[in-house]
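Engineer: Okay, sequence plus prediction incoming.
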Amino acid sequence: MPSELILGGARSGKSRHAEQLAAASGLPVHVIVTAEALDAEMAARIARHQADRPAGWTLVEAPRNLAAALAAEAAAERCVVVDCLTLWLANLLEGAENLPPAASADQLPAFARERAALLELIPTLPGRVIFVANEVGLGLVPETPLGRLFRDEAGRLNQAVAALCEQVTFVAAGLPLRLKG
């Protein structure tokens, strides 16, 4: 079964589209979430996403060790939704504010290790896997070096995952546009 990357901006409908695809697959669904409720606003966002999902879906939290969670959850007769790669990336950039200007996030050991593990794993995953990620490169250039690093690494990650997925879809205003596959 194909792996798919679903990209879109904030509130574009990308998570809802991924959930619709998962439900339509007819397979048991496992959702790997990467968000952490570090404040009340994020806790409310997480609660809203949880309320939108069917009760029978399995939920796995993996804010940093995504490859390990995917290896454990992916199976031939299962659909896994990863929501979302962008928050996972942000979690792995801890300490990036201390990097020298124009540095690469590859200088952060946890980031380099986890990104490499994920990209190595994707082509070997059994079953249906749907990745959700934000497309952050369509807006203004961030003012800070950390903001620019995040934007650049998100773009690189999206390109690498898109190259490994059989299907890539961009969602805008709730409307999916197939880019690949």
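Structural biologist: Great, that's in hand. Numbers count the residues shown, from 1 in each chain.

Engineer: Surely P126 touches A74?
Structural biologist: Yes: counting by CB atoms under 8 Å, P126 does reach A74; the two are 5.5 Å apart. Placement of C-beta: from N, CA and C, glycine included.

Engineer: Okay, buried residues for stretch 58-67 please.
Structural biologist: A62, P63, N65, L66, A67 (16 or more other CB atoms under 10 Å).

Engineer: Give me the mean pLDDT for that stretch.
Structural biologist: For stretch 58-67, mean pLDDT is 96.

Engineer: which one of the buried residues of stretch 58-67 sits closest to D39?
Structural biologist: P63 (14.4 Å; CB to CB).

Engineer: Roughly how far does the closest one sit from E36?
Structural biologist: 5 Å (CB to CB, to the nearest Å).

Engineer: where do the contact lists of these two overlap?
Structural biologist: N91 (CB atoms under 8 Å, 6 or more residues apart in numbering).

Engineer: now the strands: where do they sit in the chain?
Structural biologist: 3-8, 29-33, 58-61, 79-83, 128-134, 167-172, 175-180 (DSSP state E).

Engineer: okay, those in a markdown table with distance to A154 next?
Structural biologist: Compiled in a markdown table, those are given as follows (distance: least, CB to CB, whole Å):
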| stretch | distance to A154 |
| --- | --- |
| strand 3-8 | 10 |
| strand 29-33 | 18 |
| strand 58-61 | 21 |
| strand 79-83 | 15 |
| strand 128-134 | 7 |
| strand 167-172 | 15 |
| strand 175-180 | 17 |
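
Engineer: Done for today, thanks.
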